[in-house]
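S.K.: no sequence for this one, just the structure:
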Ligand SMILES: Nc1ncnc2c1ncn2[C@@H]1O[C@H](COP(=O)(O)OP(=O)(O)OP(=O)(O)O)[C@@H](O)[C@H]1O
C-alpha cells in the first residue's frame with residue numbers, strides 16, 4: 001500500500017498531542033462524530049506516557065481505542081521515541097502489547113499543526129490584515145512557544161502534504177537602522193543569530209535585554225509573559241519596543257516562509273505566544289514586515305495571515321487526518337506499528 005493511499009486506522013482512535021509540558025488526549029469514536037476530549041495533563045505528573053494513557057483516558061471511559069495517533073515533540077527514529085523537554089519515551093510496541101492497541105502512528109508535533117490549518121473553521125482563526133479568506137493552496141504554519149516550530153502544508157493532487165522542517169533555525173539579520181543598534185547586543189550561538197533566538201518565549205527576553213543594553217538601561221524583566229504584559233499595556237518603553245520588534249521579525253520570517261512555499265493559501269501563527277499577543281499582531285508592524293519583500297510586495301499583499309485560536313489545534317488536525325487519511329499525504333514509513341496477528 002503506497003503512502004498516497006494510506007490504509008485507514010480502525011476506530012475508535014486515541015489522539016494525543018504530547019508537548020514538553022502538557023499532554024492532551026481525545027478519542028474519536030468514528031468518522032463522523034466529534035472527538036471526546038480528556039482534561040489536559042502535565043507530562044511531569046506521570047512517570048510514563050502509558051501511565052498517563054491508562055489513568056487519564058482508559059480509566060475515564062468504557063470505550064477501548066483500537067488505534068492511536070500521537071504527535072510528539074522530538075525526532076521519530078526507531079521503536080523507542082525520546083521526547084524533547086520531557087522524560088517520557090514512546091514505545092509503540094509496548095502500547096500494542098500492554099494497552100490493547102492494534103495500530104499506532106507517531107507524527108511530529110508541527111506536522112499536527114500543519115494538519116490543523118488544512119481546514120480550520122473561521123471561528124478558530126483571527127485575521128491579521130485584510131487579504132481575505134484562505135485559498136485552497138499551499139500554506140505555512142509558524143509557532144512561537146517554548147521554541148519556534150515551522151511547517152509547510154503543500155496542496156497537490158487534491159491532498160494536503162505537511163512538510164515539517166527545521167525552519168525555526170534559519171539565520172536572521174538586522175535590516176533597519178534600529179536593528180543595527182540592537183543586534184550587536186544579542187548573544188550569537190556559534191557565531192550566528194537564528195530565528196528561534198528571537199521568536200519564542202526566551203527570544204522575547206533576548207530582544208528586551210538587547211534593547212536595554214543598546215539604550216544603556218538596566219534590564220528589569222526576565223520572564224516572557226512579563227515582557228508581553230508590560231509591552232501590551234505600553235507602560236514600559238523597552239517592553240513595548242520588544243513587542244513591536246517581535247511582531248516585525250515574526251512578520252519578516254512569515255513572509256520568507258510564504259515565499260519559500262509559495263503559500264498563497266495563507267500563513268498561520270500557532271504556538272503558545274501568538275494567541276496572547278493578538279492586539280500587537282493586529283498593529284501595522286506584522287503585515288508591514290510580511291509584505292516588505294520587493295520585488296514581490298504585490299504578491300505578498302494577496303496572501304492572508306491568521307492567528308490560530310483553536311485551544312486544541314494539534315488534536316483537531318490529527319482528528320481531521322484520522323477521519324479521512326486519503327485527503328493527506330503522510331509518510332508512515334518507520335512511524336507506524338501494527339499488531340502482528
Ligand atoms: N503571556 C505570554 N507572553 C509571552 N510569552 C509567554 C506568555 N505565556 C507563556 N509564554 C511563553 O511561551 C512559552 C510556552 O509556549 P507554549 O505554550 O507554546 O508551549 P509548548 O512549547 O507548546 O509546550 P507544550 O506543548 O508542552 O504546551 C514559554 O516560553 C513561556 O514563557
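M.R.: Alright, I've got the coordinates. Nothing here was measured: the structure is a model prediction, and the numbers come from that model.

S.K.: show me what contacts the closest residue to the ligand within the stretch 51-200 of the chain?
M.R.: Minimum separation of the stretch 51-200 of the chain from the ligand (CB to the nearest ligand atom) falls at residue 145, amounting to 2.3 Å. C-betas here are computed from N, CA, C, even on glycine. Listed by CB atoms under 8 Å, 6 or more residues apart in numbering, the contact set of residue 145 reads 200, 201, 271, 272, 273.

S.K.: now pLDDT, distance to residue 101 and neighbour count too, for those residues, in a markdown table please.
M.R.: Shown next, in a markdown table, are the contacts of residue 145 (pLDDT from 0 to 100; distance: CB to CB, whole Å; neighbours: other CB atoms under 10 Å):
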| residue | pLDDT | distance to residue 101 | neighbour count |
| --- | --- | --- | --- |
| 200 | 96 | 34 | 24 |
| 201 | 96 | 34 | 20 |
| 271 | 91 | 30 | 25 |
| 272 | 90 | 29 | 17 |
| 273 | 97 | 34 | 24 |
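
S.K.: of those, which belong to helices?
M.R.: 201, 271, 272, 273 (DSSP state H).

S.K.: wait, which of these is closest to residue 337?
M.R.: Comparing the ones in helices among the contacts of residue 145 against residue 337 with CB to CB places residue 271 closest, at 29.2 Å.

S.K.: for residue 167, see how far away that closest one is.
M.R.: 13 Å (CB to CB, to the nearest Å).

S.K.: same thing with residue 49?
M.R.: Counting by CB to CB, the separation of residue 49 from residue 167 is 27 Å.

S.K.: can you check residue 94 too?
M.R.: 33 Å.

S.K.: just to revisit the earlier point, of the ones in helices among the contacts of residue 145, just say which sits nearest to residue 156.
M.R.: residue 271 (26.0 Å).

S.K.: which residues touch the closest one?
M.R.: 142, 143, 144, 145, 148, 149, 200.

S.K.: which parts of the stretch 1-150 of the chain sit against the ligand?
M.R.: 19, 20, 21, 22, 145, 146 (CB under 6 Å from any ligand atom).

S.K.: ok, so of the residues you listed, who is nearest residue 111?
M.R.: residue 19 (13.8 Å).

S.K.: okay, now the closest one: neighbour count?
M.R.: Neighbours of residue 19 under the rule other CB atoms under 10 Å: 22.

S.K.: ok, it touching residue 112?
M.R.: No. In this structure, residue 19 is not within contact of residue 112 by CB atoms under 8 Å, at 10.5 Å.

S.K.: quick check: next helix or strand after the longest strand along the chain?
M.R.: Longest strand in the chain, counting residues (DSSP state E): strand 148-156. Counting by DSSP states H and E, the next helix or strand C-terminal to strand 148-156 is strand 159-164.

S.K.: taking strand 148-156 as reference, get the angle to that next one.
M.R.: Direction vectors for strand 159-164 and strand 148-156, defined by axes from the mean of the first three to the mean of the last three CA atoms, to 10 degrees, enclose an angle of 160 degrees.

S.K.: and strand 159-164, what does it pack onto?
M.R.: helix 109-116, strand 148-156 (3 or more CB pairs under 8 Å, 6 or more residues apart in numbering; DSSP states H and E).

S.K.: quickly compare those and say which is most buried.
M.R.: Of all the helices and strands packed on strand 159-164, helix 109-116 has the most neighbours on average by mean count of other CB atoms under 10 Å, namely a mean of 28.

S.K.: need phi/psi at the residue lying closest to residue 46 once chain neighbours are set aside.
M.R.: Closest residue to residue 46 apart from its sequence neighbours, by CB to CB, 6 or more residues apart in numbering: residue 52 at 4.0 Å. Main-chain torsions, residue 52, degrees, to the nearest 10: phi -60, psi -40.

S.K.: residue nearest the centroid of the protein?
M.R.: residue 143 (4.2 Å; CA atoms, centre = their mean).

S.K.: residues contacting it?
M.R.: 110, 113, 149, 150, 269, 270, 271, 274.

S.K.: 7 Å instead, please
M.R.: By CB atoms under 7 Å, 6 or more residues apart in numbering, the contact set of residue 143 is 110, 113, 149, 270, 271.

S.K.: can you tell me the SS state at it?
M.R.: strand (DSSP: H, G, I helix; E, B strand; the rest coil).

S.K.: please apply the same query to residue 64.
M.R.: Applying three-state DSSP: residue 64 is coil.

S.K.: what count of nearby residues applies to it?
M.R.: 12.

S.K.: and the gap between it and residue 11?
M.R.: With CB to CB as the criterion, residue 64 and residue 11 are 11 Å apart.

S.K.: repeat for residue 23
M.R.: In terms of CB to CB, residue 23 sits 22 Å off from residue 11.
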